[in-house]
Structures are given as C-alpha cells and as structure tokens.
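Novice: Quick one, structure for this:
(chains A and B, ligands or ions: 1)
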Amino acid sequence: MSTTDTDSAAEKAAGQAAAKTAEEAADSGAGGAEERELGAAGSQLSTAPAEEINVPSLGPLGWVRWFWRQLTSMRVALLLLFLLSLGSIPGSLIPQTSIDQLKVQDFKDKHPTVTPIYEKLQLFHVYSSVWFSAIYILLFISLIGCIVPRTWQFVGQLRGRPPAAPRRLTRLPAYTTWRSDAEPEKVLEAAQRIMKRRRFRSQLTGNAVAAEKGYLREVGNLLFHTALIVLLVSFAAGQLWKTEGSSLITEGGGFSNSLTQYDDIKTGQLFQSDDLAPFSFQLDKFHATYERSGPQMRTPRTFRADVTYWDGVDGAARKKSIKVNEPLEIQNYKVFLLNHGYSPVVTVRDGQGDVVHKGPVVGLPIDGANLTESMVIKLGDYRDKNGKRDQVAYQGQFLPTWVRSKGMFSQFPALDNPALVLTAYHGSLGIDGGTPQSVYQLDKSRMKQYLEPDGKTKFARALAPGDTMKLPNGEGSLTFDGVKSWASFQISHKPGDQTALLGAVGALVGLVGSLFIQRRRVWVRAAKGDDGATVVEMAGLGRSEYAKLPEELAELAVRLQTDAPPADPEKPGDTAEPVDPADPAEGARA
Amino acid sequence: MNLAAAVNENLAHYSNVLIYTAMAVYTLAFLAHIAEWVFGSRSAVGRTAAAITPETAAANRASVTVRTAEKGGGTAVLERPKVITRSAPGSRDVPDGPGAAGGTEQGDVYGRIAVGLTVLAFLTHAGGVLTRALSVERAPWGNMYEFSTTFGMVAVATYLVLLALKKNVRWIGLPLVTTVLLDLGLAVSVLYTDSDQLVPALHSYWLWIHVSCAIISGASLYMGAVSTLLYLFRDRYEAQLENPEGKQYRQAVKSVLARVPSAASLDKFAYRINATVFPLWTFTIIAGAIWAEAAWGRYWGWDPKEVWSFITWVAYACYLHARATAGWKGRKAAYLALIAFACYLFNYYGVNIFITGKHSYAGV
Ligand code: HEM
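Specialist: Residues are numbered from 1 along each chain as shown, chains lettered A, B, ... in the order given. Here you go, the predicted structure:
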C-alpha cells in the first residue's frame, strides 16, 4: 500500500473494483480512480507492499502464492504484531517457570482446577510455548518476505528517475501557478538547477521537471526492519549457546571456570562443556552497608565484592570491585554479584584435643532482611576423650546482630553484635550409608543431645567472636574465631549480546530516519499559454503526515520567481484564486 | 548524621509544601479554564462554527499564503505565491474550531489567566520536584510518588513548550490541568513515600537515562492520547454535521466540540506526537535492557515490567502500521492508539501495584 495523500479514495475504489484492479494495484502501489488519474506520479512514494483482497481461482500454486502474499502483507503483519502483544499478556499475569518456579508451584497448589488447562496451553512458560513461537516465527517470515522484495524495489527506484508530471497538476495536494514573461525553456532550466541545489533528484520530461527527495526515509525503514531480524537472530543465538550458572564463594575462596565449580548451571541446547573459557577469580573482601533508620531500615545501601582475577590459564592477577550494577567482564563472560551472607569461622577440637575442623561454615539464611543463618557442623571423624570413635554435630544459628532480649533472630544485617548460638549432639550422623545429605540439615534420629552437668538442661552456648565452648565432660570444644562474608555470583555468557545491541541501535537509527525524513515529489511545468505568456505551474505530493509540503512548495516557488518573475506585478498569482478550488487553473492551462 | 540529615529533612518538607501549593494553583487554573469554556459557549462564533455545513466548509477551504522570506535582492519586490492545498480525498474539509474562548473577549481573558496560572503552578511544581531530588541527593524517581510528581511536571512542561512554539494546543489546557490534579492528588494521598535513599540495584546512571526517557515518553504519549480521544468525538461530530438527519450530540456537547480543532488536525497532532515519541520509547526499552544486563545479568528476562513495555511498544507499532494500511486509517487506528496508551498506563500503575516483579521493589 502506498501512502500518498491520494490513498483513501484509492482504497475505497479498490474495495469496489478489487478483482479487476488488483493487478494494476499491485503494479502501481495502489489502485483506483484517483490513482489512475495521477498516473504513475503518485506511485511508489514508498515501497510498501500492495494490499490484495482478491482470492485466487488458480490451482495449488496459486494458493501458495496467495498465502505468501497474504503473509507478507501489511495487514497480516499488523495482525501478527497485535497477536504478539496479546500473547505476551498471560506471561505477565501467570507465574512463569523461567522466572520463579516456587511461585508456579504455589499457583498450581492453589488452583487445581485450572492447572491442567493452563499446562495444556503452556501458560506456565508462555515465551517458549509452541503458540507464542508460532506467532513470532510467522512474524519473522513475514518480515523477511516483506523486506526482500522491498529492497529490490527500492534499488529499482534509486536507479530510475522521478515519475513524470501528471496531466493535471491541480489534482495534487499542494499547487501554485503564475504567469511569467520568461521563456518556458529558461524556467524549466532554472527549476532543474534549483531542485539540484536542494538535493532533489530531478529530470526533465516534455514540458515539465519532475523532482523527488527523501529517499533516506526508505533506507531508514529497511534498516529498521532488517535490524529487527538481526535482533531476533541474536536473541535466538543467545538462547542456544548460553551458559548461566552461579557459585557461592567465601572471602578468601576462589572460582575457576569449569563445570564442577558451578553450584548450578543452565546451558543452551547447543552448548558444549569445552566451550567454557578459561578464567578464574578469588573473593578478597566483601563490603556491605545498610540503612540504619527510617522506614527503609535494613535495606542494603552498598554491596561491593573486591576480587582478584586471572584472565586465561596463566594471565596476570588483576583487581576489581564487583557491584550490583557493575559486573566483572572477562572473556565475554560476565560475573554478577547476586547475594551475600556470613560464614562464621570456627575451629573444632575433639576429645583428644586434635583439630577436626578449621575454617568457615556456610549457613542457610532463614530470615530475609537480617541475615540470620541456621548452621550445622557435622564431624564424622571424631574421637571422644577416651579415644573412642564418635560422630558429633553442632547445630544452631548465626546472628550478625544479637540482642539478648529479642530472642534467636538477628535484629540487623550488619555485624553489630555477632553471635553464634549452638547446641551439640553425638551419635550417628547417618552419613555412612552413602545416602547424600543436605549440608544444612541434621538427621537427629540417631543422635543424642549433650546435657548440662545437671543432667537435665539441654546444653547450649552463645558465643561472641573469640569465645570457646567446651562440651561437657571434656568431650571437645569449638572456638568461634571470627566471621567472613560470602557472596554468590552469577557467571553468565550469552554469545548474541553484542549483535543484539547492534541490532537495537540499528533499529533505532532506522526508525528515526523512517519517521522523520519525508519523501516528497515536486513538479514544475512551464508552457506557453493562449495569450503568449508562460504559465508556470508547480505542485507537490508527499505523505499525508507531511504538513510542511505547502510551505516547501511556496519556498521553491519564490526561488523560481527570481528566474521566472510574475508577468503582472500588480496582480501576481491571481490565477491562483480560482472559482473552482478543485480545478483552479483550468483556463490557464496551455 | 545530623546536620546533613536535618537539611535533607527540611528540603523534603519544603518539597511537600511546594507540591501542595502547586495543586492549589492548578485548581485555580482549572477554574479559569472552566470559565473560559463557559464564556466561550455563549459566543456567536461558536454557534456559527457549529452551524458549518460541508458546503460552507468547502468554500472555506482556504488557499494558504505562506510566510516565506522575501528574496530578490532589493531590485524587485516579489510577491509570495499562493499555494492551494487540497486535503486527502475522503477526508472532510472542516476548519479548526475557534478555541475554548470561542472568540469571546471574556473567555479569552479567562483562558489567558488559566495559562498564566498553569505557568505559575508549573514553576512551583518543578520546585517541589527539585527540592525532593536535593533532599535525597539523587534523581527523584525512586518510587511511584516521585515518579508521578515528575510525570505530571513533564506533561505540563510539554504543553507549555508546545504553547511557546505557537502550536495549536490551548484546547488541551483543561483536560491537562484536570489530569495533573488527579495525578498529584493520587500521588500525595495514596502513593506518598517519605524521601529516602535507593536500594543498590537502582544506583546507576542508567536510572537517569532510562527513567527520564520513560517519563518524557509517557507525558508526551499522554498528550497524543488526549488528542486521539478528542478526535474520536470531533470526528463523530463532523459526521453529524454532514448528516443532519441522523443522531446528534446534545447541544452542550456540540458547543464544546465545535470549538476544538478539526478532526483532521487532532488526528495529525496525535500522529506526530506518537511518531515522534516512538523512537524515544524504543530507546527507553533498549536503555532498560542495557541496565538490566548490568544489574541482573540478562538484558531481557520477561519480567512483567519488561513484558508490558514490550506490549506498549508493539501496540504503538501496530498503530503506526495501521496508519499505513488500507482500511485502518482514521477511527480504527485511533482505537489502536488508545489501546497502546492504556498499555502504557497499565505498565505504570497496574504492574507496580498488582504484579510483583523485579521492578516493584521501589515501593508503591
Ligand atoms: C512482520 C512483518 C512486518 C512487515 C511486513 C512490516 C511492514 C512495514 C511496511 C511495509 C512499512 C512501511 C509503511 C510505509 O512505507 O508507509 C512499515 C513501517 C513501519 N514498521 Fe513495519 N513491518 C513489520 C514488522 C514491524 C515490527 C515488528 C515493527 C515494530 C514493532 C515495525 C515497525 C514499523 C514502523 C515504526 C514503521 C514506520 C511507520 C510509518 O512510517 O509511519 N514493523 N512496516
């Protein structure tokens, strides 16, 4: 569909005479009476495809062609776009497995009746569902099917010349005329010169100059739609080859990029494990500060992880701070700071006084904002004071800010008054059977809790850093040496990122060109009138949105009048005030 | 603490006072606009305009004399040529209405007062936003209260800039002031949040880029939407003028519709705003994706806010395509534009309030 001012009438006419004029319509960019009147002048002001409404009467091949034309028409592109936006809605309202699996489970538990239906419709993973994919793949094909012929057509237009002037310039949306004593040839020559200077492409045919400008609009439009394809392709590539995993590291600890070092990892369908690039990093120190008062008390204000990293197998060590908005970028991987917490550092001695554990212990966060962690320390290889084998477990909580009167939950996320509150068990940990156990949980079924010397009260101690707790009867001890922070990192690699950005920028540039540059045509006709004077006529044609067309035409006319001065200075341009506004220059025409 | 904190608290307090003052002045502007419309309804011009029929309109299809710099170097003074314009076939040739004042002197005075008050209210409003920003020492877009107050401010700024550029936008004054009052009212009553710092995820210069673009886009798209809505009414009104036997609007409605710009002008205005803002909105989304990449490690994750930005974007793309497609121009395209703006609004209010996603942390 071309988008000239003359469209609407053309469309109406096309509606009535659809079958008959469709072929012509396809050729000229639009169909109908008005368009025929303008001849080729109004055609191809854009390279938009023609709208066809006719139904083929041919065999299978005809149907295929028809289907293809439908798919690549604006109307269907519009429909697909609309479907795409409609289709994205459920994904924002129904929990998605790709975003939050827990919420999905929760939803399924709460809505047992609709769940099977939703599952059938793939509503828990809308954006990878068959129907959503179908919409955008069709859109994708439609886009390609539209761009390729348009590019072709546009190249043709670039090689060609602006279409010759229509017979009746008065039919055009902007029109002006005057009489002049200058010779028609001189006027046309001047017109061509002026047009060239204003960077119109122009050509002289018969008694008129045809000029056109604003081809960059089309370039912008093609660039935009092509960039959309680039964007989609790189998005797909990113999905197919991505790796995205996470790893929890305590201060002093490190990570090197191999599958075993990830706590969990998701990879694209086409990823292979030797694709992992070699690099490593170590967490030197983690800093966090929190809001101390006000309604947003406890919300984090700064997070910073200071790391040392090595690029490649034997790269030099370098330092960097990773913050929430500032990932470490290394070999096309990005290392993001996800989360943090505390690891109390403890030294455990058994009944013999031998060190059976020394180092940080990672706990399980049990309240969101204040970083209380539940801890379990399992000691499978332990001897009591008599040298007999035993198994011991310490269990309890770590509180970064312990307020005695407020119970066993931390009151603030910073290390204001860190405390490790522990009790201890001995017996069998149940780990010898080989069944894997969570490090955060203790199976107490075959364990006995230590009791105070009174034999009744359960044994428990609250430790500040530096404190040591001794188990009853000299069974061993635990020293709370201090606290380290841990941070968890997301380590991700998505190959299409740069191209996607390129596509996005291309789309933006193209869009600006396509929306702000106006393509328009101007014709100048000069011919001797009946009275021997030269009648100069000028007319312009642009998209209906181009409001400046009359002004531009007037400006060009003023320019031209230096070479073709109006014949009667007393009554300049009086022919421009016609009786019938629709056909003002009837009498003036040669 | 404590000097700095006290200063900040003071600033936050001034900010609130300024916002309330701005609301009071907007209310006065609102009343002045009402007076303008009321006096305008008594105008003879208004009645004449209402009586315009297609025939008289056709005769009215004026030739446009164009302002152009005179050229000719002093030797001969050249007259400017007159350019005859023809509207697109199929569209009506109805001139723009005379404006709210309807050509009455009293109405015009009230209209001018309203614009003056709007300028005053805007300055106060801007002061409120600025002091809020100073009190938190960051861009004032950390939560919905701040977002709403800035949003209203930018909408009024857009209107005033267009007025200063001598665009035909005075008709939008009343609906604009009304919605800004609603917006501020909602902000101070429901959405109010004490001034405070941001969570680390919001610390980024992308906050400035992404959010300011989102606000400017929204405020401009709002103008486009008002124009589109009015287009739908005015278009029907013009259709009634062509067909006096058919169903008609009530006299009061007619009197209002007779004074606004023609359907073609409104439609063109809406298109130009929407088309101008579409690239900005595209950029907003791209900037958001880049920020998300930096903050959350993925540039696109189908977070509800992302989804609705995308839906809004596609809806406006639909609108732009519709206008280039046979049979979809005019009213159908206008409905699409309204749907698109509704998507923007839902993204702004709905997603923040009803749906939890990564974007909802800033607090309502
Ligand atoms: C699916 C296939 C698509 C096809 C076949 C298609 C086709 C077209 C065509 C032919 C035009 C030119 C209209 C003219 O010259 O007047 C156009 C313009 C445009 N398209 Fe598309 N398009 C498609 C997808 C998209 C998508 C996905 C978007 C963005 C979301 C988009 C955004 C635009 C914009 C902004 C314009 C400029 C509109 C104007 O000039 O007013 N297109 N499209």
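Novice: could you pull out the helices for chain A?
Specialist: Taking DSSP state H as the test, the helices found in chain A are A:7-16, A:18-28, A:33-38, A:60-71, A:74-93, A:101-110, A:115-120, A:130-159, A:184-197, A:216-241, A:497-516, A:549-561.
Novice: what do you get for chain B?
Specialist: In chain B, the segments counted as helices under DSSP H are B:3-40, B:44-51, B:54-60, B:105-136, B:144-164, B:173-189, B:205-206, B:212-242, B:251-259, B:263-296, B:304-323, B:331-345, B:351-354.
Novice: so how far is A:Arg179 from the residue of chain A positioned farthest from its centre?
Specialist: Distance from the centre of chain A peaks at A:Asp531, with 66.9 Å (C-alpha atoms, centre = their mean). Using C-beta to C-beta, to the nearest Å, A:Asp531 is found at 8 Å from A:Arg179. Heads up, the C-betas are built off the backbone N, CA and C, glycines and all.
Novice: cool, and B:Leu120?
Specialist: Counting by C-beta to C-beta, the gap between B:Leu120 and A:Arg179 amounts to 55 Å.
Novice: Between the two, point out the one with more neighbours.
Specialist: When B:Leu120 is set against A:Arg179 and neighbours are counted by other C-beta atoms under 10 Å in any protein chain shown, the residue ahead is A:Arg179, at 23 against 16.
Novice: Chain B versus the more buried one, what's the distance?
Specialist: Distance, A:Arg179 to chain B, by C-beta to the nearest C-beta, to the nearest Å: 12 Å.
Novice: Can you find the helix or strand of chain A with the lowest average pLDDT?
Specialist: Within chain A, confidence by mean pLDDT, DSSP states H and E is lowest for helix A:18-28 among all helices and strands, at a mean of 35.
Novice: Got the domain ranges for the chain?
Specialist: Let's take chain A. Listed by the TED database, the domain ranges of chain A are A:61-154, A:161-214+A:521-563, A:243-493.
Novice: that's the wrong chain, I meant chain B
Specialist: The record's domain parsing of chain B by automatic domain parsing lists B:1-43+B:101-198, B:56-97+B:200-364.
Novice: Mean pLDDT lowest where, among those domains?
Specialist: Least confidently modelled of those is domain B:56-97+B:200-364, at a mean of 79 by mean pLDDT.
Novice: Surely B:Ile339 is in contact with B:Ala315?
Specialist: Yes: with contact defined as C-beta atoms under 8 Å, B:Ile339 reaches B:Ala315; the gap is 5.7 Å.
Novice: Which residue of the two possesses the greater neighbour count?
Specialist: Relative neighbour count places B:Ala315 above the other of B:Ile339 and B:Ala315, with 22 against 17, counting by other C-beta under 10 Å.
Novice: OK, contacts around the more buried one?
Specialist: Residues in contact with B:Ala315, defined by C-beta atoms under 8 Å, 6 or more residues apart in numbering or on different chains, are A:82, A:85, B:336, B:339-340, B:343.
Novice: What's the local residue count around the residue nearest to it when sequence neighbours are not counted?
Specialist: Taking C-beta to C-beta, 6 or more residues apart in numbering or on different chains as the measure, B:Ala315 lies nearest to B:Ala340, with 3.5 Å between them; neighbours along the chain are not counted. Using other C-beta under 10 Å, B:Ala340 is surrounded by 27 other residues.
Novice: Likewise for B:Thr149?
Specialist: B:Thr149 has 28 neighbouring residues, counting by other C-beta under 10 Å.
Novice: And B:Phe341, by the same measure?
Specialist: A count of nearby residues for B:Phe341, using other C-beta under 10 Å, gives 23.
Novice: Would you check that it makes contact with B:Met223?
Specialist: No: under the criterion of C-beta under 8 Å, B:Phe341 lies out of contact with B:Met223, with a separation of 10.1 Å.
Novice: List the buried residues of stretch A:245-260.
Specialist: Neighbour counts over stretch A:245-260 (16 or more other C-beta atoms under 10 Å in any protein chain shown) mark A:245-251, A:253-255, A:257 as buried.
Novice: which residues does the nearest residue to A:Leu422 once chain neighbours are set aside contact?
Specialist: Once flanking residues are discounted, A:Leu422 sits nearest to A:Gly396: 3.6 Å by C-beta to C-beta, 6+ apart. A:Gly396 makes contact with A:374-375, A:420-423, A:460 under the criterion C-beta under 8 Å, 6+ apart.
Novice: Tabulate those (CSV), appending distance to B:Leu162 and pLDDT.
Specialist: Listed next are these as CSV, based on distance: C-beta to C-beta, whole Å; pLDDT from 0 to 100:
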residue, distance to B:Leu162, pLDDT
A:Ser374, 61, 91
A:Met375, 64, 91
A:Leu420, 65, 94
A:Val421, 66, 94
A:Leu422, 69, 94
A:Thr423, 72, 94
A:Ala460, 72, 91
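Novice: how about these, which pair is most distant?
Specialist: The distance between the two most remote of these (C-beta to C-beta) is 14.1 Å, for A:Ser374 and A:Ala460.
Novice: Report the separation between B:Ala315 and the ligand.
Specialist: Relative to the ligand, B:Ala315 is positioned 9 Å away (C-beta to the nearest ligand atom, to the nearest Å).
Novice: Any chance of the domains of chain A in CSV with distance to A:Thr226 as columns?
Specialist: Written out in CSV, the entries for the domains of chain A read as follows (distance: least, C-beta to C-beta, whole Å):
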stretch, distance to A:Thr226
domain A:61-154, 6
domain A:161-214+A:521-563, 19
domain A:243-493, 25
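Novice: Point out the most buried one among these.
Specialist: Between those, domain A:161-214+A:521-563 has the highest mean count of neighbours, a mean of 21, where neighbours are mean count of other C-beta atoms under 10 Å in any protein chain shown.
Novice: isn't A:Ala227 right up against A:Gly503?
Specialist: Yes: with the criterion set as C-beta under 8 Å, A:Ala227 and A:Gly503 qualify as a contacting pair; they are 4.8 Å apart.
Novice: Is there any residue in stretch B:266-273 that contacts chain A?
Specialist: Yes: remark: stretch B:266-273 sits within contact range of chain A at B:268, B:271-272, by C-beta under 8 Å from any C-beta of the partner chain.
Novice: OK, contacts around A:Lys108?
Specialist: By C-beta under 8 Å, 6+ apart, the residues touching A:Lys108 are A:Thr115.
Novice: so how far is B:Ala139 from it?
Specialist: 40 Å.
Novice: Repeat that for A:Tyr136.
Specialist: 35 Å.
Novice: ok, and the closest non-adjacent residue to residue 269?
Specialist: The chain I'm using is chain A. Of all residues apart from its sequence neighbours, A:Leu240 sits closest to A:Gln269 (C-beta to C-beta, 6+ apart), at 5.5 Å.
Novice: my bad, chain B
Specialist: Nearest residue to B:Phe269 in three dimensions, chain neighbours excluded: B:Ser227, at 4.9 Å (C-beta to C-beta, 6+ apart).
Novice: Hmm, the one you found is touching B:Asn168, no?
Specialist: No: no contact is recorded between B:Ser227 and B:Asn168 when judged using C-beta under 8 Å, the distance being 10.6 Å.
Novice: Now do the contacts for the residue minimising distance to the centre of chain B.
Specialist: By C-alpha atoms, centre = their mean, the mean C-alpha position of chain B lies nearest to B:Met223, the distance being 2.1 Å. Listed by C-beta under 8 Å, 6+ apart, the contact partners of B:Met223 are B:155, B:158-159, B:162, B:169, B:172, B:176, B:273.
Novice: from those residues, which is closest to A:Gln203?
Specialist: Taking C-beta to C-beta as the measure, B:Ile273 is the one of the contacts of B:Met223 closest to A:Gln203, at 36.8 Å.
Novice: That closest one - how many residues pack around it?
Specialist: 22.
Novice: Count the neighbours of the residue nearest to it when sequence neighbours are not counted for me.
Specialist: If you skip the residues right next to it in sequence, B:Ile273 has B:Gly224 as its closest partner in space, 3.8 Å away by C-beta to C-beta, 6+ apart. Other residues within reach of B:Gly224, judged by other C-beta under 10 Å, total 24.
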